[in-house]
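1. here is my input; please provide its structure:
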Amino acid sequence: MSTSTSIADALTGIHARIAASARAAGRDPSTIELVAVSKFHPQASVIAALEAGQRIFGENRVQEAAAKFPGLRTRWPDLRLHIIGGLQTNKALEAVRIADMIESLDRPSLSDAIARAAEKAGRLPDLLVQVNTGDETQKSGVKLEEADAFITASMTRFGDRVRGLMCIPPHDQDPTPHFRLLADMAARHGLPVVSMGMSADFERAIACGATLVRVGSAIFGARPAHA
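-> Presented below is the predicted three-dimensional model:
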């Protein structure tokens, strides 16, 4: 089986699982979008996914995204690129230039860098506030105790460009309470986008209200050994 065929088949399967999970939760499947996480995978795999109809992609590293995506927009102008990894302030300008959404806004210094970058670039991507629902010291995301204030400040500063929230639950815990917490927090702030759930748990995230699910290995396979 070719890589293109396997990626297309995987996407078909994931979409079927998303639809089934949505219906089981009493939700309209069209309210849930799939972010294909293409980090560490070659541009050829992205092209195979695009040819199969996928349009939203997630990348962790700005430099990798910059090398992989801008040249594809001519053929696929409706392509949408999300930066989903922790973002360094010195990468903010490049992220603002190439991304349609930055899912990892998590601290005032990054807000400042994004605001400066947006003024320089003449554009501002959509933004999600990343919440560290497990308060893990090694993980990106605003601390739980600071989240509401930071979300409010971000909405005041960036207006309706702040579209919602994102989280990555602790890998050694049941993700469901974290998913419910994030969905409740988004609803409290009137934010429509809830990005949560990955290859191993996106169906549980959908049951809790996810509107974006981020799936990588279940589409593209294991990340390359050199990544």
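
2. low-confidence ranges, the chain, go.
-> Scanning the chain with the threshold set as pLDDT under 70 gives 1-2, 224-227.

3. ranges for the strands of this protein?
-> 33-37, 56-59, 80-83, 101-105, 126-132, 142-143, 162-166, 193-195, 212-215 (DSSP state E).

4. looking at those strands, which is nearest to residue 91?
-> strand 80-83 (8.6 Å; CB to CB). No exception for glycine: its C-beta is placed from N, CA and C like everyone else's.

5. for the closest one, packing partners?
-> strand 56-59, helix 62-68, strand 101-105 (3 or more CB pairs under 8 Å, 6 or more residues apart in numbering; DSSP states H and E).

6. dump that strand to PDB, keeping only the CA atoms.
-> Coordinates of each C-alpha in strand 80-83 appear next as PDB, following Å, rounded to 0.1, in the frame of the first residue of the first chain:
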ATOM      1  CA  ARG A  80      -5.100  26.200   7.300                       C
ATOM      2  CA  LEU A  81      -2.000  25.900   9.400                       C
ATOM      3  CA  HIS A  82      -2.100  25.800  13.200                       C
ATOM      4  CA  ILE A  83       0.900  26.200  15.400                       C
END
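
7. in JSON lines, list the helices and strands packed on strand 80-83 along with distance to residue 31 and mean neighbour count.
-> Shown next, in JSON lines, are the helices and strands packed on strand 80-83 (distance: least, CB to CB, whole Å; neighbours: other CB atoms under 10 Å):
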{"stretch": "strand 56-59", "distance to residue 31": "14", "mean neighbour count": "24"}
{"stretch": "helix 62-68", "distance to residue 31": "26", "mean neighbour count": "18"}
{"stretch": "strand 101-105", "distance to residue 31": "17", "mean neighbour count": "26"}
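
8. dump those to TSV, plus distance to residue 173.
-> Below are the helices and strands packed on strand 80-83 laid out as TSV (distance: least, CB to CB, whole Å):
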stretch	distance to residue 173
strand 56-59	22
helix 62-68	29
strand 101-105	21
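
9. and of the ones you listed, who's closest to residue 90?
-> helix 62-68 (9.7 Å).

10. who's in contact with that closest one?
-> Helix 62-68 is touched from outside by 38-40, 43, 46, 59, 81, 83, 87, 91, 94-95, 98-99, with contacts defined as CB atoms under 8 Å, 6 or more residues apart in numbering.

11. good, we can wrap up now.
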